[in-house]
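S.K.: Provided below for reference: sequence and predicted model.
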Amino acid sequence: MPRTTTLPFPGLVSPDHRERPLRRLALGARRHAAAVAEALATPLVPADYLDVFAPLRPGAELRGRVVAVEPETADAATIVIRPGADWVGHVPGQYLRIGVDVDGVRQWRAYSLTHGPRADGCVSVTVKAVPDGAVSPYLVHRVRPGTLLHLEQATGEFVLPPSADKLLFVTAGSGITPVIGMLRNLFPVADSGVVRLPRSADRDIVVVHLAPSAPTSIFAADLAALDEAGAIHLVSRYDDTHGFFDVADLAELVPDLAERSTLACGPAGLLDALETHHETAGLPLSTERFRAAPVVAGEGGTLDFTRSTTTVESDGSTSILDAGESAGVLMPSGCRMGVCFGCVVPLREGAVRDLRNGELTTAVPGETPPTGVPIQTCISAAAGPCQIDL
């Protein structure tokens, strides 16, 4: 809003009014200087040089600088990141999409934030290296403090329900990552031990955590400390000790299961079994899926991402989401690690096959809507040439 000045006598000129022409001249001079600098800097612009000296400044493309890389297991590490000035924060349980330049191609992946708001303003994600992966092995084994990463704002709806006091978390493998963020926010750890805050006083929490073995269990020490302090009741199940987990055992492991709201995160097989179990029993369940489990392959084909002018040859067993990300296309993807249907985009022309059941979805210009047919890229594969509006 412009500043106004009340004058004691009529007819006098406000000093503010006298300053305005000078301000306009100064502003015009600055704009002219910026235009000249931009012309001289072509093909680079001044913002490119500012990115070198102040990449985390307000108004810049959102980035983050790696502050620390903390090993968790032999193939997992926590990456601590200081985000740029325009970072707006997150709710525990949400996830963050990170862009990494690997071998000249920008790859985007989504990772759950493993904490609540931090006093130092940093954020952290815990990454498990996927064999033959393009991004996770780089983050776990190669990234160093000082590295700049591209970021998006946090998103996702897999968060604590505000009204449920009796909770059951069922997690498997790296599915513990969003849950540990919620637990750390409820029960922060100080030098004196676990702190019981008013917001967590009425929470009654059971955690059933599954892993192949104790040494490969991410955050095992954190969960054990919370259990020892009485903040949670921990039930750990390791494949090499207890055998593979059967959801039918939940009633025995958690006798008051029917009184609890269940939140689950892990591989598709576990979540499918839990959904069937809870639906049959009429119990509430909220899930977060890391990745769809393909069961039927299509024929494959060419993926033409029209807006990003990128063309990719994809086989029939690779999801469009994975194929696009591998080619450096910025793909929306809430459903892989947060919210289902976050990866829906329009198919303008062509055919895709649902990897879960083999169903075919087609888009034919002149027959289907001009805006295209919505498809989920995380569970769809090319079944011939496709045009994707992305």
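M.R.: Ah, there it is.

S.K.: all contacts plus neighbour counts: C-alpha atoms, from now on.
M.R.: Noted.

S.K.: Any idea how many residues pack against the residue nearest to residue 329 when sequence neighbours are not counted?
M.R.: For residue 329, ignoring the flanking residues on the chain, the nearest one in space by Cα to Cα, 6 or more residues apart in numbering is residue 308 at 7.1 Å. Residues near residue 308, counting by other Cα atoms under 10 Å, number 13.

S.K.: ok, now residue 344?
M.R.: Residue 344 has 19 neighbours, counted by other Cα under 10 Å.

S.K.: and it, what are its bridge partners?
M.R.: Partner residues in beta bridges with residue 344, using DSSP bridges, are residue 376.

S.K.: Contacts only, for it.
M.R.: By Cα atoms under 8 Å, 6 or more residues apart in numbering, residue 344 lies in contact with 332, 333, 374, 375, 376, 377.

S.K.: Pretty sure the last one sits against residue 323.
M.R.: No: Residue 377 is not in contact with residue 323 according to Cα atoms under 8 Å; the separation is 9.4 Å.

S.K.: more crowded one of these two?
M.R.: Set residue 377 next to residue 323 and count neighbours by other Cα under 10 Å: residue 377 wins out with 29 against 21.

S.K.: what about residue 250, which SS state?
M.R.: helix (DSSP: H, G, I helix; E, B strand; the rest coil).

S.K.: can you pull the pLDDT of it?
M.R.: If you check residue 250, the pLDDT there is 95.

S.K.: Ok, residue 32 next?
M.R.: For residue 32, the model assigns a pLDDT of 51.

S.K.: Show me the shaky parts of the stretch 1-150 of the chain.
M.R.: Applying pLDDT under 70 to the stretch 1-150 of the chain flags the ranges 1-53, 104-105.

S.K.: Could you rerun that using 50?
M.R.: Applying pLDDT under 50 to the stretch 1-150 of the chain flags the ranges 1-21, 23-24, 27, 35-45, 48.

S.K.: what ranges do the helices span in it?
M.R.: Secondary structure of the stretch 1-150 of the chain by DSSP state H, counting those that start in this stretch: the helices cover 15-41, 46-53, 136-137.

S.K.: what packs against the shortest one?
M.R.: Right, the one you point to is helix 136-137. Under the contact criterion of 3 or more Cα pairs under 8 Å, 6 or more residues apart in numbering; DSSP states H and E, helix 136-137 touches strand 123-128.

S.K.: Nice, that's everything, thank you.
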